[in-house]
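Colleague: Build the 3D model from these lines:
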Amino acid sequence: MTGRDDHGSPNPARRRAAASTAPPGRHKSTAAAARAPSLTALAAVPRFAGFLILVTAGLLAGAVSLVLLAPSSGPVPLVGLALAFLSGALASLWLTRAGSARPDDATQAATIEALTLEREALLDDIWRLKDCEARHRDVLDTLGDVVTRWREGGALTYANDAAMRLFPDGSMSALHASEGRETGDGFADIRIDTAEGPRWFSRVDVPVRDLTDGTPLVQTILRDVTDRRRVEEELVAARNQAETASASKSRFLATVSHEIRTPLNGILGMASLLRDTRLTAEQHSYVDAVHSSGEILLLLIDEVLDLSKIEAGRLELSPARLELTPLVEGVVELLSPRAQAKGLEIGCHIGPEVPTHLVGDGTRLRQILFNLAGNGLKFTETGGVTIDVARTRDTAQVPSDRLLVTVRDTGIGFTAEDADRLFQEFEQIDHGPARRFDGAGLGLAISQRLVNMMGGTIAARATAGAGAEFRVNLPLTGADGVRPQPELAGQRICLITQSQVEGPLIARQLGEAGARVTLLSPGDEAIDEALADADLILLDQLSVTEAGGWLAGARAIGIDAPAVVLVTPAERDRLPRLRAAGFGAYLIRPVRSSSLLQVTKSMLESGAPLASWDLQQDDRSHLAAMQQRQESRRPLRLLVAEDNDINRMLTEALLRKLGHESLVVGDGAEALKAFAEGNFDAVLMDLHMPGIDGITAIRRLRARERELALPRVAVFAVTADVTAEARDAALEAGADAVLAKPLDPDLLRNRLSAPQDGGKAAG
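Modeller: Residues are numbered from 1 along each chain as shown. Just a heads-up that it's a prediction; the model follows:
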């Protein structure tokens, strides 16, 4: 019964053939009109027959009367004649009335024609509906989808060819029983056993009605999606495999980074200790080279680890309230030695409209700036790098304040083709075996990922040979505070420098504070006039041969404005001579904005040398005060748990240098035993040790304190694993803080001072 419904209709081809042979409606109407007169004549026959019957009956009655009454005389014959004439009169009267009641032939023909036309129109509609149904069935059969119709209760009323092929007689009940049919709006992917094996179908149930009697039906359409499901399952399997591989890679990198960090921390720590011994100048340079190389390798390890965490989705931001200006200037100062070693400059400018505080992840923002500025220094051979921070407003969609950070350099730049791959992992502008610039090519890729995580954008713009510019646009959240600006309105300041990078930044900042700044080089013709008109002179030590001699020459020609000298950290040994030459103050390059404004304002107000001029003296006083505070503290007794021989030696030497006594053990079990038997002021616990690891040891140590009601001892987790998971696990176990290897002497000193001050060290 392929393609049949429950009415037993013939197949579509035969129905269409029958429909095509039917005459059009208008042809049938013409034929009916031609047959109308003959039909009218036939309709008149019954009336004429009635007339003849009446006349015949009357005549017969009269004849009978004459025959029967013939022998009689008198009126009897007359009665027969009367009956005959009466019959004729009745027949005439009947014919008259029948003729008056009968419609004329034209009216009757019109009525018949109208009925005939209506009948033919109905026949045309029937044939059209059957043809449309046949076409609809053909479409359903050729689509390839399974189409069935069901009555309430599960009676099948229709099944197309695909349904008959895939579900032979007796197996279609599975379609009706499938979940979703009863509601009339089911839509789902279902797995059904067919004559061709298990297949996946996308199912749609649509409520319809039977055209014959209006009975509600459910039309079920099944589309074979087995191939799609197979592809989806393959994609899911591939994704799961990729996630597993990514997790394995992250674990591998974390393990490898820890294993690399351990000996590297020993190298850096020993180099730091070696620096403090008596070395010749040559030996000192060798130690510096070892330490610098170790720091670069440590930075590379951190970059690889960060990238793996970002790719695995395990890197989380830690927003907090931060002060922006010290953060940016700290990056500049951190990169300053690298810049000065290459003969480059680095500086920053923060617009007066930028708030003093905002909410963000300071560590990651510092990392972004460090990567961008450090990258600029790497690809720059003359000139320098500037960091400019401004507040802007985004009006493209929802108006919002944004933080715009622009990092510019005067390096080799790049082409538009290079810009497409700048932010890809392990890509370099200068690549190939003959490349001049080292690095793994991860800094920009990591920076872009971090910026995206912060909800911002990063873009690069450059011209080959003309430097590069990177713009970081970040949402400005939690902004508060206005940067204070000293009153320098009307003050005339003359800045003498050959700097093409930091010089304009200093002039710009003084100008924003209200000063009238003249920026000149030592050989400019207008310098004498500018100096004579100045209220304050700022002289860059690097722009002249001898700053003291230059100032003496200016005084000789009557220039009496107070002077401030700008020096690099390497020129600190010249400060006593510069002070003796008459300079009232000095500023260390790169110049901090707070120091610049404070020193210039103080010099303009007093005109005399500042009381705190000699930083070396301040440093000596500061160191003496620290030493006095250190001597006033009692030596601490510390328990150190460390399984690596080099790290044990390094930690013991560092603690001895800080004036503390230490007991060093090799694993967690020995640490717990020593803690139970001895009395310690603090514990340094390595997290990765054989046997009982550091996390377990800290938990047991804290449990012992609670059980015996012992005073809480400061416990510091020490690890080369810098992941957030390791830090959180240590703090959750009961550590007071987490110290990263290699141990920083200043940070360790501060942490160890907290127990004596009665405070708790923070992580």
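Colleague: can we go C-alpha only for contacts and neighbour counts from here?
Modeller: Fine.
Colleague: Next, the contact list for L596, please.
Modeller: Each residue near L596 by CA atoms under 8 Å, 6 or more residues apart in numbering is listed here: L587.
Colleague: what about it, distance to E652?
Modeller: 42 Å (CA to CA, to the nearest Å).
Colleague: Same check on L752?
Modeller: On the measure of CA to CA, L752 and E652 end up 14 Å apart.
Colleague: got it, and F470?
Modeller: For F470, the distance to E652 - CA to CA - is 45 Å.
Colleague: For my notes, confirm P355 occurs in a strand.
Modeller: No - P355 is assigned coil when assessed by DSSP: H, G, I helix; E, B strand; the rest coil, not a strand.
Colleague: from now on call the first residue 42
Modeller: OK, 42 is where the count begins now, so the last one is P396.
Colleague: For T318, the count of nearby residues, please.
Modeller: Under the neighbour criterion other CA atoms under 10 Å, T318 is assigned a count of 9.
Colleague: ok so, going back, okay, L793 and E693: which has more neighbours?
Modeller: L793 (23 against 19).
Colleague: Quote the end-to-end distance of stretch 703-721.
Modeller: 9 Å.
Colleague: Pull stretch 541-552 out as CSV, backbone CA atoms only.
Modeller: Taking Å, rounded to 0.1, in the frame of the first residue of the first chain, the C-alpha atoms of stretch 541-552 are listed here in CSV:
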residue,chain,number,x,y,z
GLN,A,541,64.2,63.8,23.1
VAL,A,542,62.0,61.5,25.2
GLU,A,543,62.0,62.4,28.9
GLY,A,544,62.7,66.1,28.4
PRO,A,545,59.3,66.8,26.6
LEU,A,546,57.5,64.7,29.2
ILE,A,547,58.9,66.8,32.1
ALA,A,548,58.1,70.1,30.3
ARG,A,549,54.6,68.8,29.6
GLN,A,550,54.0,67.9,33.3
LEU,A,551,55.3,71.3,34.5
GLY,A,552,53.1,73.1,32.0
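Colleague: Which positions in that stretch come out as buried?
Modeller: Of all the residues in stretch 541-552, those buried under the rule 16 or more other CA atoms under 10 Å are 542-552.
Colleague: what's the answer for stretch 401-416, then?
Modeller: For stretch 401-416, by 16+ other CA under 10 Å, it's 401-403, 405-406, 408-416.
Colleague: Distance to E646 and pLDDT for those residues - can I get that in a markdown table?
Modeller: Conversion of those to a markdown table gives the following (distance: CA to CA, whole Å; pLDDT from 0 to 100):
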| residue | distance to E646 | pLDDT |
| --- | --- | --- |
| G401 | 38 | 92 |
| D402 | 39 | 92 |
| G403 | 36 | 90 |
| R405 | 40 | 90 |
| L406 | 37 | 94 |
| Q408 | 39 | 90 |
| I409 | 39 | 94 |
| L410 | 36 | 95 |
| F411 | 37 | 92 |
| N412 | 40 | 91 |
| L413 | 39 | 94 |
| A414 | 36 | 94 |
| G415 | 38 | 91 |
| N416 | 41 | 89 |
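Colleague: do you know how far A767 is from G709?
Modeller: Taking CA to CA, one finds A767 at 17 Å from G709.
Colleague: Neighbour count for the two, which is higher?
Modeller: More neighbours surround G709 than the other of A767 and G709, with 27 against 17 (other CA under 10 Å).
Colleague: And the helices in the stretch 142-291 of the chain?
Modeller: Along the stretch 142-291 of the chain, counting by DSSP state H, counting those that start in this stretch, helices occupy 146-184, 202-207, 214-218, 267-316.
Colleague: Any idea which of the ones you listed has the lowest pLDDT on average?
Modeller: Per-stretch mean pLDDT for the helices of the stretch 142-291 of the chain is lowest at helix 214-218 (a mean of 64).
Colleague: and the closest residue to R270 other than its chain neighbours, what are its bridge partners?
Modeller: Leaving aside its chain neighbours, R270 sits nearest to W241 (7.2 Å; criterion: CA to CA, 6 or more residues apart in numbering). Beta-bridge pairing of W241 under DSSP bridges involves R232.
Colleague: Which residues are in contact with W241?
Modeller: Contact analysis of W241 by CA under 8 Å, 6+ apart lists 230-233, 265-267, 270.
Colleague: pLDDT score for the nearest residue to S634 once chain neighbours are set aside?
Modeller: Nearest residue to S634, sequence neighbours excluded (CA to CA, 6+ apart): Q550, at 7.7 Å. Predicted confidence (pLDDT) for Q550: 93.
Colleague: Is it correct that L358 is in contact with V400?
Modeller: No - L358 sits out of contact with V400 when judged by CA atoms under 8 Å, with a separation of 11.6 Å.
Colleague: which one of the two has more residues nearby?
Modeller: Neighbours were counted for L358 and for V400 using other CA under 10 Å; V400 has more, 18 against 14.
Colleague: Alright, that wraps it up for me.
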